[in-house]
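K.L.:
Using only what follows, build the 3D model:
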Amino acid sequence: MTVSLEVSEYIAVVRLDKPPVNAVDRATRQRIIDTFDEVSERSDIRVAILTGTGKYFCAGADLKDRPDPDRAGDFLGHNRLTRETGNAIRECAKPVIAAVNGPALGAGFGLMAACDIFLASEDATFAMPEINVGLAGGVSMLRTMVGRSFTRRMFFTGMKVPASELYRRGVIDEVVPADELMPLAMQIAQDIASKAPLAVAYAKQAANMMDLMPQRDGYRFEQNFTMALSRTEDAQEARTAFLEKRQPVYKGR
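P.N.:
Reported below is the predicted structural model:
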């Protein structure tokens, strides 16, 4: 199994596990899609953490599993699967925390970018190295994370960028020693998991939509969510628990 899923106390830990560098082939991409679709639908999961096994987060696409340009439809099918890998994470109904434990290159960088919260170890590095093997791809993702000039510099050169530099540029939320990475991710996940699950699900939808909508329309969209949430049992429980100075007990309805 190239991708594992462990669930405990409403937190899912999704691990890329394809030694030695967690490069993704078609089977792994399908497994990622299936895993995050499962996370979306399971009521015992409120938040997920995506990380890698070993010293790599993900070294990118497996070059041994390239599409055959001479086989009609193979490239289009490969590209569709590639798009849906990131979409399954981005569209996951639950927030996803990236715990980048090592190099995140090419498609690996894209996997992180599809997540909601970015954490990295001090030895993590990032690059879009497609240009080094005569290919080009990923600028649509890069431009949402860094400025115009740095996007093009990374894209045209394939340069490796340390986690500290992306932290300096405001891309990564926290950079910590390797042994502190998963404890930090779990701490944030526990905080999210303690919130009303319906409210978190709506918050994830709202955050995704705000990437696409003008501020005026986006705020109206959020207000509709707030109105709908105010009528839920969990919202009433949250208010009651606050007044009674106790921990709320949410039922997801």
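
K.L.:
So what's the residue count around Leu135?
P.N.:
Leu135 has 14 neighbouring residues, counting by other C-beta atoms under 10 Å. In this view, the C-beta of every residue, glycine as well, is placed from N, C-alpha and C.

K.L.:
so what's it up against?
P.N.:
Under the criterion of C-beta atoms under 8 Å, 6 or more residues apart in numbering, the contact list for Leu135 is empty.

K.L.:
secondary structure class for it?
P.N.:
Here Leu135 is coil, with the state taken from DSSP: H, G, I helix; E, B strand; the rest coil.

K.L.:
per-residue confidence at it?
P.N.:
Here the pLDDT value assigned to Leu135 is 80.

K.L.:
now the one 5 residues further on
P.N.:
Note on Ser140: pLDDT of 88.

K.L.:
cool, Met213 as well?
P.N.:
Listed pLDDT for Met213 reads 78.

K.L.:
That one touches Glu222, doesn't it?
P.N.:
No: counting by C-beta atoms under 8 Å, Met213 stays clear of Glu222, with 9.7 Å between them.

K.L.:
Those two: which has the busier surroundings?
P.N.:
Glu222 (18 against 15).

K.L.:
Report the distance from whichever strand or helix holds that one to the chain centre.
P.N.:
Secondary structure assignment for Glu222, by DSSP states H and E: helix 215-229. The chain centre lies 24 Å from the centre of helix 215-229; the measure is C-alpha atoms, centre = their mean, to the nearest Å.

K.L.:
Please, where are all the helices along this protein?
P.N.:
Ranges of helices within the chain are 26-41, 74-90, 107-113, 139-142, 148-157, 163-168, 178-193, 197-210, 215-229, 233-244, based on DSSP state H.

K.L.:
least reliable of these going by mean pLDDT?
P.N.:
Of all the helices of the chain, the minimum mean pLDDT falls on helix 233-244 (a mean of 75).

K.L.:
What pLDDT does the model give Arg46?
P.N.:
pLDDT recorded at Arg46 is 97.

K.L.:
Next up, the contacts around it.
P.N.:
Arg46 neighbours (C-beta under 8 Å, 6+ apart): 10-11, 94, 192-193, 195, 197, 200.

K.L.:
In TSV: those, plus distance to Ala228 and neighbour count.
P.N.:
TSV is the format used below for these (distance: C-beta to C-beta, whole Å; neighbours: other C-beta atoms under 10 Å):
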residue	distance to Ala228	neighbour count
Tyr10	22	19
Ile11	26	22
Lys94	18	23
Ile192	20	21
Ala193	22	20
Lys195	16	17
Pro197	14	21
Val200	14	19
